[in-house]
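The following block contains a protein sequence and its predicted model.
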Amino acid sequence: MPPSLRGWFFVLSSLGLTMVAWAVDVPIAQTQLHEFTSAYTGRRYQLRIGLPRNYDPANQRYTVVYQLDGQWDFDRDMPLTRGMESDHRMEPVIVAAITYGGVNPDYGSLRQRDYTPTDFLGGGQTGDAPKFLQTVRNEIIPLVESNYSCRSEERILMGSSYGGLFTCYALLHAPDLFTGYVASSPSIWVDNQVMVQQARAAGTILAGRKLRVQIITGANEAASQISGAQAFYNALIGLHLADLELGLTFAPSERHGAVATVAYDDGLPVVLAPKLVMFPFGTGEPVGWSGPQAPVTFWADRVQLYDGPAGQPVRRSLVLEPTAGSTVTSVRGVVYVLDAQWDLRFVEGSYGGMIYDGEISPLLRVGVDWTGSWGEVSDWRNREFTPTDPSGTGAYGGAGGFRTLMKDHVLPDAERNLLTTPGYRMVIASEKAALWALTDLLSDKPSFDRYLLVAPAAEWDNEWLLQLEVLRAARGGGLAARVMIYYGDHDAETTRGPAIERFVSQLSARGYAGLSLQSSKLEGRGFAEAKLLGYHKGFRLIAP
């Protein structure tokens, strides 16, 4: 039993499958955890370190992206940076996400105090930004740079809301610390826009420094957020500093809580200095590296293991219960995320922001993946997500067996504690997992009524999906489902985009009763980044 086990567990044997379930902290690969108490604020901090997939400290130094509100935004940054690295849109970086340690920290009050420049609420509830800046300068940055292979000449700071406010504060008061800044929906309204006044007086401290700044706010936010961002940007523009590169964007359709996903995706590549980066060749499997620190974990209310055939990896489902304050009776639906070892963190960042904004109702989230090494998991998913075996080797073609596992075990086990029937079941998947989802859609009895898919491998086996759809149409009847498909125009698999377009065209032309089908090409995006944005954009449209 894992050492981080807590809560409960049980063992159930049925139909030859052994299922073990427990509540547990699930480790995230290639991460490290540090905690310390600051001599400047007296508060306990936690650093969540995310390393590049091929971290090579002996031969390479890395820019560090310092992320505020790590308790929330580490979920966004890790898949974002690894995805853009995979797509070769951005160099490999280290993520250092800053949050609070200790027992049950009150994130709201702690961040309100640390990230605000003045005590505008009175009584010491706010205004510790000067102290926290010293914590960053004298404690956090030295801790990171003494433990990891870092490029001290380039550092990035990112934050959202109050975190975006502190990002702007650090720009004006310590421009020597960071070279790039991404302020997502900064709360410039604080204390009658005191940061705008300070920006107007910052010409001397900023002069001669080559800095890159991106301010990105949701177009659907409160007027005070939008006007504050515009006023701060105007104040900086008014300094007429040739070396200060500024950008201001109002992201369409975005609100305060969820805009950070888009802000970090758009802003981070811009604030990194252009440089020649050599990306390592190979399979993409992470280079093994370990340090003295424990890994970053996330809490799963239930982890259920299903035995595979002898000697093969075990299937695993990770059940994330609805948002605190909701109950099982208020769950609107259940979301199943395939390839959870990668994609669950993509989804969680957007889910949390949209819950905050009131855009969606509480949902049960269930991630499905496998245990085992990187190579084992890759081989296992190749077999279980593909409907045919064009190689004739037995390495592919196990989609039918995986569908049986999902329908007979994973779905009922995940939903067994719900007091009411969920309003819907959604599946979220990409690439071969999305191919599997489409085979489920075209079956006689689909398992889901919502499908959010990114870059489905429609090119598989000479576009076998087209043949499957012809067989489905011949059987007659409707398709009561909502389907959203996203794909990037820079996918490394160059045949995928055209294959997706042909499949969507054929499916749409069939006119199935009850089928709602949408597809969208994401310009300038490779596979991994299309996944992040596709899940984010599609979730907003399909989840309510």
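Yep, it's here.

if I've got this straight, Ser187 is in a helix?
No. Applying DSSP: H, G, I helix; E, B strand; the rest coil, one finds Ser187 to be coil, outside a helix.

if I read this right, it contacts Phe166, doesn't it?
No. Ser187 is beyond contact range of Phe166, at 9.4 Å (criterion: CB atoms under 8 Å). C-beta coordinates here come from the backbone N, C-alpha and C atoms, glycine included.

For the helix or strand hosting Ser505, which residues meet the burial criterion?
Using DSSP states H and E, the element containing Ser505 is helix 496-510. Residues of helix 496-510 classed as buried: 496-497, 499-500, 503-504, 507 (neighbour count, 16 or more other CB atoms under 10 Å).

try stretch 435-452
Those buried within stretch 435-452 under the rule 16+ other CB under 10 Å are 435-442, 446-452.

same check, this time on stretch 39-46
Of all the residues in stretch 39-46, those buried under the rule 16+ other CB under 10 Å are 40-41, 43, 45-46.

Arg302 in helix, strand or coil?
Going by three-state DSSP: Arg302 is strand.

How about Arg540?
Three-state call for Arg540 (three-state DSSP): helix.

what sits against it?
253, 258, 350, 354, 359-360 (CB atoms under 8 Å, 6 or more residues apart in numbering).

Please list only the buried members of those residues.
Taking 16+ other CB under 10 Å as the criterion, what is buried in these is 258, 350, 354, 359-360.

surely Ala457 meets Leu435?
Yes. If you go by CB under 8 Å, Ala457 and Leu435 touch, sitting 4.3 Å apart.

any common contacting residues for these two?
Going by CB under 8 Å, 6+ apart, no residue sits against Ala457 while also sitting against Leu435.

How many residues are close by the nearest residue to Arg76 once chain neighbours are set aside?
Excluding the flanking residues, the one nearest Arg76 by CB to CB, 6 or more residues apart in numbering is Gly349, at 3.8 Å. The tally of other residues near Gly349 (other CB atoms under 10 Å) stands at 25.

Could you look up the SS state of Gly349?
helix.

List the residues that contact it.
72-73, 75-76, 79, 260-261, 536.

now do Tyr233
Tyr233 neighbours (CB under 8 Å, 6+ apart): 215, 246, 248.

do the same with Gly534
Going by CB under 8 Å, 6+ apart, the list of residues near Gly534 reads 430, 452, 454-455, 486-487, 520, 522.

Same question for Asp357.
Counting by CB under 8 Å, 6+ apart, Asp357 makes contact with 255-258.

Buried only: go through those for me.
Among the contacts of Asp357, those that count as buried by neighbour count (16+ other CB under 10 Å) are 255-258.

now the strands: where do they sit in the stretch 251-400 of the chain?
297-306, 315-320, 333-338, 363-370 (DSSP state E, counting those that start in this stretch).

need the ones you listed in TSV with mean neighbour count and distance to Ala481, can you?
Putting these into TSV (neighbours: other CB atoms under 10 Å; distance: least, CB to CB, whole Å) gives the following:
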stretch	mean neighbour count	distance to Ala481
strand 297-306	19	26
strand 315-320	23	22
strand 333-338	24	13
strand 363-370	25	17
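
show me where pLDDT drops low in the protein?
Low-confidence segments of the chain, defined by pLDDT under 70: 1-24, 275-292, 296, 298-299, 307-313, 321-330, 417, 419-423.

Now with 50, please.
By pLDDT under 50, the low-scoring segments of the chain are 1-20, 278-290, 324-328.

Domains in it, by residue range?
29-271, 311-542 (automatic domain parsing).

Out of those, which is closest to Ala294?
Across the domains of the chain, Ala294 has its closest neighbour in domain 29-271 (5.0 Å, CB to CB).

Quick check: the residue lying closest to Gly180 once chain neighbours are set aside vs Ala258, distance?
Nearest residue to Gly180 in three dimensions, chain neighbours excluded: Val271, at 3.0 Å (CB to CB, 6+ apart). As judged by CB to CB, to the nearest Å, Val271 and Ala258 stand 21 Å apart.

Look up how far Arg540 lies from the residue nearest the centre of the chain.
Nearest to the mean C-alpha position of the chain, by CA atoms, centre = their mean, lies Phe346 at 2.7 Å. Distance of Phe346 to Arg540, given as CB to CB: 14 Å.

Could you dump the buried residues of helix 496-510 into CSV with distance to Pro175 added?
As requested, those are arranged in CSV below (distance: CB to CB, whole Å):
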residue, distance to Pro175
Arg496, 44
Gly497, 43
Ala499, 49
Ile500, 45
Phe503, 51
Val504, 49
Leu507, 53
